[in-house]
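Trainee: Next input, structure requested:
(4 chains)
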Number of protein chains: 4
Amino acid sequence: MFPPLFLVHTTPVPSYFMIICLRLITTASFLVQLISTIPLRVYNTSSSRSLHHNTTNCERYDVVLIYALPVTVVSAGDGKCRVEFPVEDGHLNGGGTLHGGFTATLVDCISTYALMTTGTGAPGVSVNINVSYLNAASPGEVIVVDAKTCKAGKRLAFLEVELSKKDGGRLVARGQHTKFIM
Amino acid sequence: MFPPLFLVHTTPVPSYFMIICLRLITTASFLVQLISTIPLRVYNTSSSRSLHHNTTNCERYDVVLIYALPVTVVSAGDGKCRVEFPVEDGHLNGGGTLHGGFTATLVDCISTYALMTTGTGAPGVSVNINVSYLNAASPGEVIVVDAKTCKAGKRLAFLEVELSKKDGGRLVARGQHTKFIM
Amino acid sequence: MFPPLFLVHTTPVPSYFMIICLRLITTASFLVQLISTIPLRVYNTSSSRSLHHNTTNCERYDVVLIYALPVTVVSAGDGKCRVEFPVEDGHLNGGGTLHGGFTATLVDCISTYALMTTGTGAPGVSVNINVSYLNAASPGEVIVVDAKTCKAGKRLAFLEVELSKKDGGRLVARGQHTKFIM
Amino acid sequence: MFPPLFLVHTTPVPSYFMIICLRLITTASFLVQLISTIPLRVYNTSSSRSLHHNTTNCERYDVVLIYALPVTVVSAGDGKCRVEFPVEDGHLNGGGTLHGGFTATLVDCISTYALMTTGTGAPGVSVNINVSYLNAASPGEVIVVDAKTCKAGKRLAFLEVELSKKDGGRLVARGQHTKFIM
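Mentor: As a prediction, this is how the structure comes out:
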C-alpha cells in the first residue's frame, strides 16, 4: 500500500512518474535517502510511538517533509523535482505565514532530490543557499515547489527552486542552491 | 512551568531576557510545535503534553527549536543572540552531518531573535537569506550560534549569523539575513 | 546618426527594438539614468576625448557599459531587459575568462534597467545581490544577459538575471537582485 | 615588510592617471593588471603610455582598481587584505552614491587578494558572491574594505568582505564570496 503521507496526484501526473516513484522506492535510487528505513517501518507499524523508539538511530531532519509536514511529490526526473503541499499551522511563523526556515529547508531538500535524479544520483553537500522571499503564503494555500538542476558538473552542482501558489501562480520564494559533489 | 528543554544559562544573561523568555513561552507568542503529535509521544510527559494542547491554535514551524530539536539560549540583548545545541540524530542529513535546512532555519530564527532585542522588538519579514556552509558538524559536537544585528533601520534590518563548534571554534556556517520592517 | 558606442545588431534584432531604442534615447524614459547627459554629448561630438573633459562632473560607474565595455540592448519593456556583448580582453579575470565583478555589475545594472521599464520607472536602491557562477566564458563568445522583474512591489522589487552564451545557450551565471523602492 | 605586489598611492590621483584614462577611453583598452609586476612598472616608469603598450596582452577587468578607480592597499597577509579609497564621481550610481556593481567588484577582487595571501596563492574561480547593501556612501567619504579568509580548504574557499566608512566605521556593505580551488 502506498504511504498515505506521500500521496501522489493521479490526475495531472504522467504515468511514467508512478513507475519512477515505485522504482525509486524499491530500488532505493531517489528518495531512498529521505525515506530510507524510517518510512518503511512507519508503514509497517500501527504505532508511531514504537516507530520512534525503533528508529532513534536513523532519525533525520528532513523527515519533517514526510511525517510532520508532508509534501506530495508531483513529478521527478531529468534533474527536476516538483512537490506541493498545503500551508498548515505547523508551517507558520509568528506572523501567521509560511516560515522562512521551512522555505529554506524546502529549497535545500527539493533541489537535492532534483539533483539526485540526474545521472550520478549523488546528493553532494551544500556550499551555499540563497533564498529571496517575494510574497507571503497563508494557511490553506497550496504551494508548488519546482526545483531544477541548472548545472550538474563534476565537482559543483547549481540548482534553483521556485515556490509559487498553485492557485494563480504567484511567486512565494526563489532559491539558489550550490552543492559540492564529492 | 518552564520547559526543561529550553534551559537558560543564568550567569551571562540580562535579567530582562528571562522575563521576555518566560513571557514568550507562557503566552505562546514566540515558539510552538513542529512535529505535532510526535514530540508529545517522544517526551511522554504530562507537562509538555498539556503545553501542546494549550497551544494547538498557534502551532508554528520554529517551535522545532524548543521541542523537537531544542536549543539553549546563552545570551540575548543589544541586538545580539547566542544559542547553542549538541548535534543529534534529528539534526542530520543523509550524510550523517548537520542538515543545511536546519542550519538555514537557525540563521532565520536566531537572527530574528537578535533583531527583536533591539529597540522596536518587531520581528519583520524575511527578504533574503544567504547561507554558506564551511564545515560539516557531526553528532555529539556542540554548535554555538551567534547572531548579531548589523543594521536595524527604519525599513530594513541586516543581520548576520555565525555557527561554530564550541570545541575549537571551527566555523560551520555563516549566514546573512535581510528583513523588512513593516 | 546612431552613436557608435552603442551599436545595435541589425540582423537578429526584431524591428520593434529599433523603435524602442530610439524611443528610449529620444524620450529619455528608459536608459536615461544610464546615458543621461553623457551619451547625449557623446553623440554630439566627434571626439570622445573632448567628451570626457566635458563630462567629468557627471561620470558614473555604470558608464563602463557604454564606453569601455559596451553592451548592446536587444530588447527592453514589460519589466524585462535583454542585452548582449562579446567577451573581450577588458572583461577578463586573471584566468582569462569573464570577470566575476563585471558579471555582478551586469546583474546589478541590467536588472535595474528591467525594473525601470515597469510602471513606476524608479530604479530603487540595492538591498542584496547574489550571483552564482556556473560556467566560464572566453574571449570571442557572445553573452546574452536576460533580466526580468519577478516582483515589483510597493517597497521591494525582486529581480533575476541570467547570463548565457548566445551560441548554444549554456548558462554562464545566474543572479538575484533585491531592491528597495524609496 | 610590505608586499612588493602592493604599492600605496601617495597622492590622491597621480598625474599619470589622466593620461592613462584618456588613452583607455580613446583606445577602449581601459584595463590592465592589478598584481604581479605591472603595478611595479607603473610606479617605476614615467611613461604609463609605454606601460600600456607593453601589457596589452594581459588586459583585465580588475585593473579598474588600479587605474580608473584606484584603491590603496593598507595591508595584506595571513589570508586578509585591507584596502581603502575615497568615493569619487566615477564610483557613483544614478542616485549619486557608491555603485552596487563596483561594490560587488570589490567584494570579488579584494577577497581574492586575501585568499592569495594564504599558503597556496591560488586565486581559484568564483562559485558564488552575495552582497548586502546596508548604507549608502557619498562622494568624499573614504571607504575601508576588509576582506578575510574564513576557510581555505583543499577545494573550496570561503571569504568575507566588509565595507565601512573610515570616519565613524558605519557599515556600507557586507559580502560573502565562495571560490573553487582548481
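
Trainee: From here on, just use CA atoms for contacts and neighbour counts.
Mentor: Will do.

Trainee: partner residues bridging the closest residue to residue A:133 other than its chain neighbours?
Mentor: Counting by C-alpha to C-alpha, 6 or more residues apart in numbering or on different chains, residue A:173 is the residue found nearest to residue A:133 once chain neighbours are left out, at 4.5 Å. When bridges are called by DSSP bridges, residue A:173 pairs up with residue A:133, residue A:163.

Trainee: cool, residue A:73 as well?
Mentor: If you apply DSSP bridges, the partners that residue A:73 bridges to are residue A:83.

Trainee: end to end, how far does stretch A:78-93 reach?
Mentor: With C-alpha to C-alpha, to the nearest Å as the measure, the ends of stretch A:78-93 fall 34 Å from one another.

Trainee: In three-state terms, label residue A:67 for me.
Mentor: Three-state assignment for residue A:67 (DSSP: H, G, I helix; E, B strand; the rest coil): coil.

Trainee: Check the gap between it and residue C:144 for me.
Mentor: Counting by C-alpha to C-alpha - residue A:67 and residue C:144 are separated by 44 Å.

Trainee: the more surrounded of those two?
Mentor: With neighbours defined as other C-alpha atoms under 10 Å in any protein chain shown, residue A:67 and residue C:144 compare such that residue C:144 has more, 24 against 17.

Trainee: Please name the nearest non-neighbouring residue to that one.
Mentor: residue C:84 (4.4 Å).

Trainee: Residue A:76 now?
Mentor: Nearest non-adjacent residue to residue A:76 (C-alpha to C-alpha, 6+ apart): residue A:82, at 6.3 Å.

Trainee: and that neighbour, what does it touch?
Mentor: A:73-76, A:110, A:144-147 (C-alpha atoms under 8 Å, 6 or more residues apart in numbering or on different chains).

Trainee: dump the residue contacts of the closest residue to residue A:172 other than its chain neighbours.
Mentor: Distances taken as C-alpha to C-alpha, 6+ apart put residue A:135 closest to residue A:172, at 4.6 Å, once the chain neighbours are dropped. By C-alpha under 8 Å, 6+ apart, the contact list for residue A:135 reads A:170-173.

Trainee: TSV for those, including neighbour count, pLDDT and distance to residue C:88?
Mentor: Formatted as TSV, the contacts of residue A:135 follow (neighbours: other C-alpha atoms under 10 Å in any protein chain shown; pLDDT from 0 to 100; distance: C-alpha to C-alpha, whole Å):
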residue	neighbour count	pLDDT	distance to residue C:88
A:170	17	97	39
A:171	20	98	37
A:172	20	98	38
A:173	26	98	36
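
Trainee: Return the member of those nearest to chain D.
Mentor: residue A:173 (17.1 Å; C-alpha to the nearest C-alpha).

Trainee: quick one, what contacts the closest one?
Mentor: A:103, A:131-135, A:162-164.

Trainee: same thing but 6 Å
Mentor: Neighbouring residues of residue A:173 by C-alpha atoms under 6 Å, 6 or more residues apart in numbering or on different chains: A:132-134, A:162-163.

Trainee: and it, how far is that from residue A:131?
Mentor: Counting by C-alpha to C-alpha, the separation of residue A:173 from residue A:131 is 7 Å.

Trainee: now swap in residue A:93 and tell me
Mentor: 16 Å.

Trainee: residue ranges for the strands of chain A, please.
Mentor: Per DSSP state E, chain A carries strands over the ranges A:72-77, A:80-86, A:125-133, A:142-152, A:156-165, A:171-180.

Trainee: one step back: just give me the neighbour total for the residue nearest to residue C:144.
Mentor: Neighbour number of residue C:84 under other C-alpha under 10 Å is 22.

Trainee: go on, the one 4 residues further on?
Mentor: By other C-alpha under 10 Å, 20 other residues sit near residue C:88.

Trainee: ok, back up a step: next, give phi and psi for the residue nearest to residue A:172.
Mentor: Phi and psi for residue A:135, reported as degrees, to the nearest 10, are phi -140, psi 150.

Trainee: quick one: low-confidence ranges for chain A?
Mentor: A:1-58 (pLDDT under 70).

Trainee: Which positions in it make contact with chain B?
Mentor: Contact residues (C-alpha under 6 Å from any C-alpha of the partner chain) of chain A with chain B: A:33, A:59-61, A:68, A:89-93, A:101, A:105, A:108, A:127-133.

Trainee: quick revisit: would CSV of the contacts of residue A:82 with distance to residue D:152 be doable?
Mentor: CSV is the format used below for the contacts of residue A:82 (distance: C-alpha to C-alpha, whole Å):
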residue, distance to residue D:152
A:73, 38
A:74, 40
A:75, 39
A:76, 36
A:110, 29
A:144, 38
A:145, 34
A:146, 33
A:147, 30
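
Trainee: Among those residues, which one lies nearest to residue A:119?
Mentor: residue A:76 (13.0 Å; C-alpha to C-alpha).

Trainee: buried residues in the helix ranked longest in chain A?
Mentor: Counting by DSSP state H, the longest helix found in chain A is helix A:100-116. For helix A:100-116, a neighbour-count test (16 or more other C-alpha atoms under 10 Å in any protein chain shown) marks A:100-116 as buried.

Trainee: now swap in stretch A:148-155 and tell me
Mentor: Residues of stretch A:148-155 classed as buried under the neighbour-count rule (16+ other C-alpha under 10 Å) are A:148-152.

Trainee: so which two of the residues you listed are the farthest from each other?
Mentor: Every pair of the buried residues of stretch A:148-155 checked by C-alpha to C-alpha; the farthest is A:148 and A:152, at 10.3 Å.

Trainee: returning to that earlier point: which of the contacts of residue A:173 count as buried?
Mentor: Using 16+ other C-alpha under 10 Å, the buried ones in those are A:132-134, A:162-163.

Trainee: ok, so of those, who is nearest chain C?
Mentor: When the buried ones among the contacts of residue A:173 are compared against chain C (criterion: C-alpha to the nearest C-alpha), the nearest one is residue A:134, at 6.9 Å.

Trainee: Now do the contacts for that closest one.
Mentor: Taking C-alpha under 6 Å, 6+ apart as the test, what residue A:134 contacts is A:172-173.

Trainee: Angles on the backbone of it, please.
Mentor: Residue A:134 adopts backbone torsions of phi -90, psi -50, taken as degrees, to the nearest 10.
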